[in-house]
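# Pasting the sequence and the predicted model now:
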Amino acid sequence: MCGIVGYVGREAAAPILLEGLSRLEYRGYDSAGVAVCTADGLSVHKAKGRLHVLSGMLDGGRAVQGTAGVGHTRWATHGAPSDANSHPQVSRSGKIAVVHNGIIENYAELKDFLQKQGVPFASETDTEVVAQLVEYFYENGKADILDAVGRCLHRIEGAYALGILCADTPDQIVAVRKDSPLILGIGDGCNFLASDVTAILRHTRRVSYMDDGDLAVLTREGIQRYNRLMQPVEMEITRVDWEIDAAEKGGYEHFMFKEIMEQPDALRRAVFPRIRDGEVFLEDFSLPDAYIRSLRKLYVVACGSSYHVGMVGKYCLERMLRLPVEVALASEFRYMDPIVDEHTLVVVISQSGETLDTMAALREAKRLGAKILSIVNVVGSSIARESDEALYTWAGPEIAVATTKAYTTQLAVLDLLGLYLSKTLGSLDEAERRRILDEMLLLPEKLERVLAGKEDIQYFASRYFNLNSVFFIGRNIDYALGLEGSLKLKEISYIHSEAYASGELKHGTISLIEDGTLVVALGTYGKLFEKAMSNILEVKTRGGDVLALTAESRRAEMSRTANGVISIPDAHPMLMPLLGAAPLQLFAYYVALMRGCDIDKPRNLAKSVTVE
Ligand code: AGP
């Protein structure tokens, strides 16, 4: 996903922009660029490829003078990665420069209109339309830059976070936000713009999250925010409390490995403050008991791994609440005419809190009358801000594209939500509820034991890293966990993989099993262990190679059948996925490492998908 940085102050802008962009590299990109206001107009430099290419062109930023500028890392949507399609995009006179995150959906008709006015285009991007249209109003309407931007915003449709420079007002940046996140940073004698906090945290902890429709003018003296009616609005300033090194590798080779290893502490942050004296406390939770008792259904809506959290959560929540729990992919939910009303609680799960499909599903659910509870990692993110209730996972910044600690903490928070609601509903035996709560407090320590066995998983990865396809099978909650194991492997090792409910094998998939086919068989759910064993035998008799994941209490029995066994400490059946995810994450990590893949920035992927 694209990254934006902006700076206006007394120091040279270019080095600050490049450093900020380097902290956004994890988001995934294919080109980068900066524009700086200089005495001779806008100085624009951009290049396809990694950020070091641009930094080399600019001698680390020292080659460009000027104290106001914007920078961008581009994840191509319209127009292939190229120098010309990189941002900043510039108007024909060179007076206006724009960096953009999102999609201008009606760019083609606007481009056609402008070309008919004789405006030449230099790129294939939708973003260039914004630069040219702003200039069109600026020059033709003899308007000031703010008015010209406002008139442009009335014509464009879609999702956009914009940073705009005008050569005639060299000491200011205009920022606009609609559907794509944009954060303002407040410094001393300087101010910042960023797609996310990591880009500017070295300079300021004081941030303000722009709302949809907001426009802001940044100068070194201050920031003036306007709402969509161009009325000045007060800025709500938030203090960021995590350390920048939390967004650093901290000596690990990859962010992904660091974040896998951080999971015990992340679980402690997500769970411990919310359990006191055998009760669940959800901070700022305001849904009244009467509303909870009126619920007829829960709907979990998310994408990717967050969706997989919902798939595991369905098994847990239905057991605890005795209410139907539907789980939908956000991109499907929007168009499936879902059965949602005021008696439905829609639980939206998102690490970034910015996934466009998920945000759109949230708004659709709201339109249908549901209340929204979101489980989010990024504090102050758009999804959290548009929800009726937001529960943070407190996992800390997750930099690797492949999520790990966010998945685990999302699942833990979902379990806590179930335990909380079950108290009001009286739907769970009190002794069972207390047992689950007590066991949740033991999870971090048990997870540390799982991670201590990482070398065993590394050994299994060394046996299987050259395969072309891998199957994950499991029953009940193991099937749901297998979905995540399969995605982890796919997204960072590029090995084809599929996850199947074990009972489904005989209905088709088993035809794919032949000598040497690897099947990762999840057998952590004790009640169906015998069934899992029989499915493993089905696979083995057809030549498959079985790597099993099971509880320590079942290790010996499993070792008699599977080719390899990974075991995790015994825990309450509903909590086993919280321990079982880490071995699957490590397996994917080591396989990808041995295949020489770009682990933290897998090809074609972005950390947060803010396009449809
Ligand atoms: C997970 O490893 C993937 N990077 C991806 O599936 C991700 O879970 C999905 O894009 C949803 O992101 P979100 O949780 O930030 O909404």
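Received the coordinates, thanks. Residues are numbered from 1 along each chain as shown.
# What residues of stretch 165-178 count as buried?
Judged by neighbour count using 16 or more other CB atoms under 10 Å, the buried positions of stretch 165-178 are Leu165, Cys166, Ala167, Thr169, Pro170, Gln172, Ile173, Val174, Ala175, Val176, Arg177, Lys178. (Each C-beta comes from the backbone N, C-alpha and C, glycine too.)
# Might one say that Leu373 is in contact with Val347?
Yes. With contacts counted by CB atoms under 8 Å, Leu373 reaches Val347, the gap being 5.2 Å.
# is it possible to export the buried residues of stretch 165-178 to a markdown table including secondary structure?
Output for the buried residues of stretch 165-178, formatted as a markdown table (DSSP: H, G, I helix; E, B strand; the rest coil):
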| residue | secondary structure |
| --- | --- |
| Leu165 | strand |
| Cys166 | strand |
| Ala167 | coil |
| Thr169 | coil |
| Pro170 | coil |
| Gln172 | coil |
| Ile173 | strand |
| Val174 | strand |
| Ala175 | strand |
| Val176 | strand |
| Arg177 | strand |
| Lys178 | strand |
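# Need the overlap of contacts for Leu373 and Val347.
Overlap of the contact sets of Leu373 and Val347 (by CB atoms under 8 Å, 6 or more residues apart in numbering) consists of Leu417.
# how about the residue nearest to Gln351 when sequence neighbours are not counted, secondary structure?
Nearest non-adjacent residue to Gln351, counting by CB to CB, 6 or more residues apart in numbering: Ala406, 3.9 Å away. Secondary structure state of Ala406, per three-state DSSP, is helix.
# how about the helices in the stretch 351-500 of the chain?
Using DSSP state H, counting those that start in this stretch, the helices found in the stretch 351-500 of the chain span residues 356-367, 382-385, 405-425, 430-440, 443-452, 454-464, 477-493.
# ok, which stretches of the stretch 451-600 of the chain are strands?
469-474, 496-501, 518-523, 545-551, 564-568 (DSSP state E, counting those that start in this stretch).
# ok so, going back, let me have the helices of the stretch 351-500 of the chain in TSV, adding mean pLDDT and distance to the ligand as columns.
Converted to TSV, those look like this (pLDDT from 0 to 100; distance: least, CB to the nearest ligand atom, whole Å):
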stretch	mean pLDDT	distance to the ligand
helix 356-367	96	5
helix 382-385	92	8
helix 405-425	98	7
helix 430-440	96	22
helix 443-452	97	18
helix 454-464	95	18
helix 477-493	98	6
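# Turn those into CSV, including mean neighbour count and distance to Arg74.
Putting the helices of the stretch 351-500 of the chain into CSV (neighbours: other CB atoms under 10 Å; distance: least, CB to CB, whole Å) gives the following:
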stretch, mean neighbour count, distance to Arg74
helix 356-367, 21, 17
helix 382-385, 23, 21
helix 405-425, 25, 25
helix 430-440, 16, 42
helix 443-452, 18, 36
helix 454-464, 17, 33
helix 477-493, 26, 21
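# and these as TSV, adding distance to Asp214?
Output for the helices of the stretch 351-500 of the chain, formatted as TSV (distance: least, CB to CB, whole Å):
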stretch	distance to Asp214
helix 356-367	16
helix 382-385	12
helix 405-425	27
helix 430-440	39
helix 443-452	40
helix 454-464	45
helix 477-493	33
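# Which of those helices sits closest to Gly49?
helix 477-493 (21.5 Å; CB to CB).
# Which strand residues bridge Ile183?
Ala194, Tyr209 (DSSP bridges).
# you'd agree it is up against Leu201?
No. Using CB under 8 Å, Ile183 makes no contact with Leu201, being 10.4 Å away.
# Not counting its neighbours along the chain, what's nearest the residue in the chain that the ligand sits nearest to?
Of all residues in the chain, Gly304 sits closest to the ligand, at 1.9 Å by CB to the nearest ligand atom. Counting by CB to CB, 6+ apart, the nearest residue to Gly304 once its immediate chain neighbours are dropped is Leu487, at 6.8 Å.
# ok, now how distant is the closest residue to Ile473 other than its chain neighbours from Gly544?
With sequence-adjacent residues excluded and distances taken as CB to CB, 6+ apart, Ile473 is closest to Ser502, at 4.4 Å. Remark: distance between Ser502 and Gly544 (CB to CB, to the nearest Å) = 12 Å.
# cool, and Tyr407?
For Tyr407, the distance to Gly544 - CB to CB - is 27 Å.
# which residues of the stretch 201-350 of the chain score low on pLDDT?
Residue ranges of the stretch 201-350 of the chain with pLDDT under 70: 244.
# If we use 80, what do you get?
242-251 (pLDDT under 80).
# Would you mark the buried spots in stretch 28-39?
Gly28, Tyr29, Asp30, Ser31, Ala32, Gly33, Val34, Ala35, Val36, Cys37, Thr38.
# Let me see the contact set for the second one.
The neighbourhood of Tyr29, defined by CB under 8 Å, 6+ apart, consists of Cys2, Gly3, Leu51, Thr73, Arg74, Trp75.
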